[in-house]
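1. here is my input; please provide its structure:
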Amino acid sequence: MNENIKPYQSQTATKKEQVATMFNNISKTYDFLNHFLSLGIDIIWRKKAIKELKALKPRIILDVATGTGDFAFEAIKSLQPEKIIGVDISEGMLDVARKKINDRNLQHIFSVQMGDSEGLNFEDNHFDAITVAFGVRNYQNLEKGLADMYRVLKPEGKIVILEFSKPRAFPVKQAYNFYSNQALPFIGKVFSKDQSAYTYLPESVAAFPDGEDFIKLMNQVGFKKSKDIRLTFGICAIYTGIK
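-> Numbers count the residues shown, from 1 in each chain. From the prediction side, this is the model:
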């Protein structure tokens, strides 16, 4: 993953610091734009990804880059775990998540805290499952982030990663590129007042080592039975692996 792909190229801050700033800036409009820009398909993607954990029946789950908590809420609904901990580097996103947790009276199951995906503040072999939705492409050091998630996962535990991908077939590829590079930054600027955030999105997707390249990274840090499930003509993918 290219660490030079940052939300605000003119700033000297690290990618990690810039990503935190970006999500703080767009936190109040993030949920609306997520659903609007994907025409609601992101909700279906999350449901499909969480189904990958049905057979495991995890009791304790870590949701990395939890954002406003939507992936964790889907996990609670579908899996009925005992506990989910969400970590994120953006306090603004966590504030939105906390409000949603309180509104749904889920404080006894779901808690969130500031956390760095590349240095998780948990013991080794702690979680039955780990989930990440649209977060790994924002890691400053992708291999380090994968390795630390592997560390805190229990033996035979499972990781499920949902991430944008690059469609390769005509004409989906061409339509997707036009939408990502032209329409998305304009719409994002109108609603979020931060055009850089929605210019960064297609740039980060383009730089992300998706497909077999990402599977190789998962295998390098120790995951077994890693696989790649393509969704919606390759616009998104589910990656899974076992410790």
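
2. now residue 68: how far from residue 17?
-> Counting by C-beta to C-beta, to the nearest Å, the separation of residue 68 from residue 17 is 20 Å. The way it works is simple: take the backbone N, C-alpha and C, and place the C-beta from them, glycine included.

3. list the buried ones in the worst-scoring helix or strand of the chain on mean pLDDT?
-> Among the helical and strand segments of the chain, the one scoring lowest on mean pLDDT, DSSP states H and E is helix 184-192, with a mean of 76. For helix 184-192, the buried set under the neighbour-count rule, 16 or more other C-beta atoms under 10 Å, comprises 184, 185, 187, 188, 192.

4. looking at residue 68 and residue 17, which one has more neighbours?
-> Neighbour count, other C-beta atoms under 10 Å: between residue 68 and residue 17, residue 68 has more, with 26 against 16.

5. residue contacts, the more buried one?
-> 27, 30, 31, 93, 96, 97, 100 (C-beta atoms under 8 Å, 6 or more residues apart in numbering).

6. for the longest strand along the chain, give the mean pLDDT please.
-> Counting by DSSP state E, the longest strand found in the chain is strand 153-164. Averaging pLDDT along strand 153-164 gives 97.

7. now for that strand, which elements pack on it?
-> Strand 153-164 sits against helix 41-51, strand 127-133, strand 236-242, with contacts defined as 3 or more C-beta pairs under 8 Å, 6 or more residues apart in numbering; DSSP states H and E.

8. pull the distance from the next helix or strand after it to the chain's centre.
-> Sequence order places helix 172-178 as the next helix or strand after strand 153-164, per DSSP states H and E. Centroid separation between helix 172-178 and its chain, computed with C-alpha atoms, centre = their mean, to the nearest Å, is 22 Å.

9. in helix 172-178, which residues are buried?
-> Neighbour-count burial for helix 172-178, counted by 16+ other C-beta under 10 Å, picks out residue 176.

10. quick one: contacts of it?
-> For helix 172-178, the external contacting residues (C-beta under 8 Å, 6+ apart) are 166, 167, 202, 233, 234, 235.

11. mind running it again at 6 Å?
-> 167, 233 (C-beta atoms under 6 Å, 6 or more residues apart in numbering).

12. rewinding a little: tell me the most buried of the helices and strands packed on strand 153-164?
-> strand 127-133 (a mean of 26; mean count of other C-beta atoms under 10 Å).

13. for that one, which helices and strands make contact with it?
-> strand 60-64, strand 153-164 (3 or more C-beta pairs under 6 Å, 6 or more residues apart in numbering; DSSP states H and E).

14. tabulate those strands (CSV), appending distance to residue 47 and mean neighbour count.
-> Output for the helices and strands packed on strand 127-133, formatted as CSV (distance: least, C-beta to C-beta, whole Å; neighbours: other C-beta atoms under 10 Å):
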stretch, distance to residue 47, mean neighbour count
strand 60-64, 15, 25
strand 153-164, 10, 20
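
15. now those strands as TSV including distance to residue 143?
-> Putting the helices and strands packed on strand 127-133 into TSV (distance: least, C-beta to C-beta, whole Å) gives the following:
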stretch	distance to residue 143
strand 60-64	15
strand 153-164	14
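
16. residue 115 is nearest to which of those strands?
-> Relative to residue 115, the nearest member of the helices and strands packed on strand 127-133 by C-beta to C-beta is strand 60-64, separated by 7.7 Å.

17. now for whichever helix or strand comes after the closest one, which elements pack on it?
-> Later in the chain than strand 60-64, the nearest helix or strand by DSSP H and E is helix 70-79. For helix 70-79, the packing partners by 3+ C-beta pairs under 6 Å, 6+ apart come out as helix 41-51, strand 60-64.

18. run through who's touching the longest one.
-> Yep, that's helix 41-51 we're talking about. Outside helix 41-51, the residues that touch it by C-beta under 6 Å, 6+ apart are 34, 71, 74, 75, 78, 160, 162, 231, 236, 238.

19. many thanks, we can stop here.
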